[in-house]
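In: Give the three-dimensional model of this entry:
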Amino acid sequence: MQSKEVLKKLKSLANSKSVAGMARFGINPQNTLGVSMPIVRKIAKEIGKDHKLAQQLWDSKIHEARILAGFIDEADKATEKQMENWVKDFDSWDVCDQVCGNLFDKTEFAYSKAFEWSEREEEFVKRAGFVLMATLSVHDKKASDKQFEQFLPVIRRETEDERNFVKKAVNWALRQIGKRNISLNKKAIEIAKEIQKVDSKSAKWIANDAIRELTNENILRRIKNKHK
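Out: Predicted structure coming up:
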C-alpha cells in the first residue's frame with residue numbers, strides 16, 4: 001500500500017467532533033483527523049509490517065498517521081537515529097504511548113533509551129522514557145528482575161517533576177514494575193514509601209496512587225496467580 005493511499009483513507013475518515021472530544025482528554029488537536037484507535041488498528045492489520053511506509057507516514061506529520069507508523073514499523077529495522085528523530089516529534093501523550101508500546105519497546109535500544117530519555121528535559125521525551133519502563137514491564141517476558149530494579153532509583157529521582165504528562169508516566173512505570181511479580185511488587189512498594197516522604201505534591205500523588213494499587217488484594221491475587 002502506498003503512503004498517498006493510506007493518507008487518503010485516513011483523511012476520508014476525519015471527524016471534527018472526535019477531534020474536539022480528544023482535545024478534552026489532553027490530546028493535541030493539531031494535525032489530528034479524529035480517527036478512532038480501533039479504526040487505526042484495523043488499517044494497521046490490513047497493511048501489515050512495512051518499515052519504508054512507516055517512515056513516509058511519520059513524515060506526513062498527521063497525528064493518526066504517526067500512530068499508524070508505530071504499529072506497522074519493523075522493530076528490527078528501527079535505528080537509534082530514527083528513534084531520536086521520532087521522540088523529538090512527540091507532541092501528544094497518545095502518540096508517545098502508542099509508539100513506545102507498539103514499536104520502541106521491541107527494539108534493541110529500548111532499555112538504554114528508557115534511561116537516557118528519563119533524564120531529558122522535554123516533556124514528551126521524558127514521558128517516553130517512563131512509558132518504555134512501563135511497557136517493557138508488561139511486554140518483555142524474558143527480562144530479569146534486575147533490569148527493572150535498575151529503573152526504581154530513576155523513578156525516585158524524577159518524582160518531583162510536576163508536569164502532568166511526566167508525573168503520570170512516572171506513576172505508570174512504578175505501578176507496572178510492581179505488578180510484574182511479587183518480588184518486584186515488594187520493591188516497588190518500598191520505593192513508593194520512600195517517595196511518600198518527599199516534600200512535593202507530585203511525589204506524594206505518585207506514591208499514594210502506586211501504594212493503593214500495589215497493595216490491593218485483587219491485584220496481589222492476580223500477580224500470584226500469574227506465576228503459579
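In: From here on, just use CA atoms for contacts and neighbour counts.
Out: OK.
In: Which neighbouring elements make contact with the longest helix belonging to the chain?
Out: Ranked by residue count, the top helix of the chain under DSSP state H comes out as helix 123-139. Applying 3 or more C-alpha pairs under 8 Å, 6 or more residues apart in numbering; DSSP states H and E, we find helix 123-139 packed against helix 80-89, helix 93-102, helix 110-118, helix 164-178.
In: Please repeat the previous calculation with a cut-off of 10 Å.
Out: Helix 123-139 is packed against helix 80-89, helix 93-102, helix 110-118, helix 145-149, helix 152-157, helix 164-178, with contacts defined by 3 or more C-alpha pairs under 10 Å, 6 or more residues apart in numbering; DSSP states H and E.
In: quick one, which of those helices is packed in tightest?
Out: Mean neighbours per residue, mean count of other C-alpha atoms under 10 Å, is largest over those for helix 164-178, with a mean of 24.
In: Give me the distance from the following helix or strand past that one to the chain's centre.
Out: Next along the chain after helix 164-178, taking DSSP states H and E as the criterion, comes helix 182-196. On the basis of C-alpha atoms, centre = their mean, to the nearest Å, helix 182-196 sits 21 Å off its chain's mean C-alpha point.
In: Adding mean pLDDT and distance to Phe130 as columns, could you present the helices and strands packed on helix 123-139 in TSV?
Out: Putting the helices and strands packed on helix 123-139 into TSV (pLDDT from 0 to 100; distance: least, C-alpha to C-alpha, whole Å) gives the following:
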stretch	mean pLDDT	distance to Phe130
helix 80-89	98	13
helix 93-102	98	10
helix 110-118	98	6
helix 145-149	98	12
helix 152-157	98	8
helix 164-178	98	5
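In: Figure out which of those helices is closest to Asp50.
Out: Minimum separation from Asp50 across these (C-alpha to C-alpha) falls at helix 93-102, 13.7 Å.
In: by how many degrees do that closest one and helix 110-118 diverge?
Out: Relative orientation of helix 93-102 versus helix 110-118 (axes from the mean of the first three to the mean of the last three C-alpha atoms, to 10 degrees): 150 degrees.
In: by contact count, what packs against helix 93-102?
Out: Counting contacts by 3+ C-alpha pairs under 10 Å, 6+ apart, helix 93-102 is packed against helix 63-72, helix 80-89, helix 123-139, helix 164-178.
In: Repeat the analysis, applying 8 Å as the threshold.
Out: With contacts taken as 3+ C-alpha pairs under 8 Å, 6+ apart, helix 93-102 sits against helix 63-72, helix 123-139.
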